[in-house]
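Peer 1: fold the following.
(chains A and B)
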Amino acid sequence: GESVGLHLPTLSVQEGDNSIINCAYSNSASDYFIWYKQESGKGPQFIIDIRSNMDKRQGQRVTVLLNKTVKHLSLQIAATQPGDSAVYFCADSPPWGANNLFFGTGTRLTVIP
Amino acid sequence: DVKVTQSSRYLVKRTGEKVFLECVQDMDHENMFWYRQDPGLGLRLIYFSYDVKMKEKGDIPEGYSVSREKKERFSLILESASTNQTSMYLCASSAGQGGGYTFGSGTRLTVV
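Peer 2: All right, here's what the predicted structure looks like:
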């Protein structure tokens, strides 16, 4: 089956620093990738997505980078704030059965004031 | 703002009870999903549905069933609740192929 994982289960950063959260995926046919943020006691919320025909996509303070050669996805958060503390999930979707997303286990980001 | 609403945030049920978890979306999405979330295990797909009255098993369907009588509503049923079904349950919906999901806030179910 699909395997989407994360390199580190936890990450601590100082407030104001940049954060980088990494994710590896196994299906080279995946063509859609998405990052979610889940705060304590809440459901996951969409942050940013990217399709396989792109290498980089920027949002507000967030950037997603996609390296298809090594099947690696990363989320960069600029000027990390205490409100960024949460669990971050990556997910991918293959072109077949593309109604389904496959989720990683998540990285817990803790922002130190 | 688009919304997926789960009827209960917290639920406590007894072993052997039949439990209904309700999910409603207001986005006219075709696809709906039920996940459970446990520490260290991430999101695991229980059941999903691509259309009214249809359902497909996910990765861990045992002990669960679902119902989708209307497009906007997808119910998860625990036929006979057991303590190992204590978990956070998340409902999600999506519009179609190649898009992301919108999640509900989750229902934390405790079976005692």
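Peer 1: the residue positioned nearest the centre of chain B sits in which helix or strand?
Peer 2: Relative to the mean C-alpha position of chain B, the nearest C-alpha, by Cα atoms, centre = their mean, is the one of residue B:34, at 3.0 Å. If you go by DSSP states H and E, residue B:34 is part of strand B:31-38.
Peer 1: got the CA positions of that strand in PDB?
Peer 2: What follows is strand B:31-38, C-alpha atoms only, in PDB (Å, rounded to 0.1, in the frame of the first residue of the first chain):
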ATOM      1  CA  ASN B  31     -16.900  12.000  -1.400                       C
ATOM      2  CA  MET B  32     -17.000  11.500   2.300                       C
ATOM      3  CA  PHE B  33     -14.600   9.700   4.600                       C
ATOM      4  CA  TRP B  34     -14.300   8.400   8.200                       C
ATOM      5  CA  TYR B  35     -10.900   8.100   9.900                       C
ATOM      6  CA  ARG B  36      -9.800   7.300  13.300                       C
ATOM      7  CA  GLN B  37      -6.800   8.900  14.800                       C
ATOM      8  CA  ASP B  38      -4.600   7.300  17.500                       C
END
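Peer 1: helices and strands around that strand, which ones?
Peer 2: strand B:23-25, strand B:42-49, strand B:64-70, strand B:73-78, strand B:87-94 (3 or more Cβ pairs under 8 Å, 6 or more residues apart in numbering or on different chains; DSSP states H and E). To be clear about C-beta, it is placed using only N, CA and C from the backbone, and glycine gets the same treatment.
Peer 1: so which of those strands is the most packed in?
Peer 2: strand B:87-94 (a mean of 24; mean count of other Cβ atoms under 10 Å in any protein chain shown).
Peer 1: close to chain A: what parts of chain B are there?
Peer 2: Counting by Cβ under 8 Å from any Cβ of the partner chain, the residues of chain B close to chain A are B:4, B:31, B:40-43, B:45, B:48, B:50, B:59, B:90, B:92, B:94, B:96-106.
Peer 1: pull out the buried members of these.
Peer 2: Among these, the ones that count as buried by 16 or more other Cβ atoms under 10 Å in any protein chain shown are B:4, B:31, B:42-43, B:45, B:48, B:50, B:90, B:92, B:94, B:99-106.
Peer 1: show me where chain B dips below the pLDDT cut-off.
Peer 2: Residues of chain B that meet the criterion pLDDT under 70 lie in B:1-2, B:97-98.
Peer 1: 80 instead, please
Peer 2: B:1-2, B:40, B:96-99 (pLDDT under 80).
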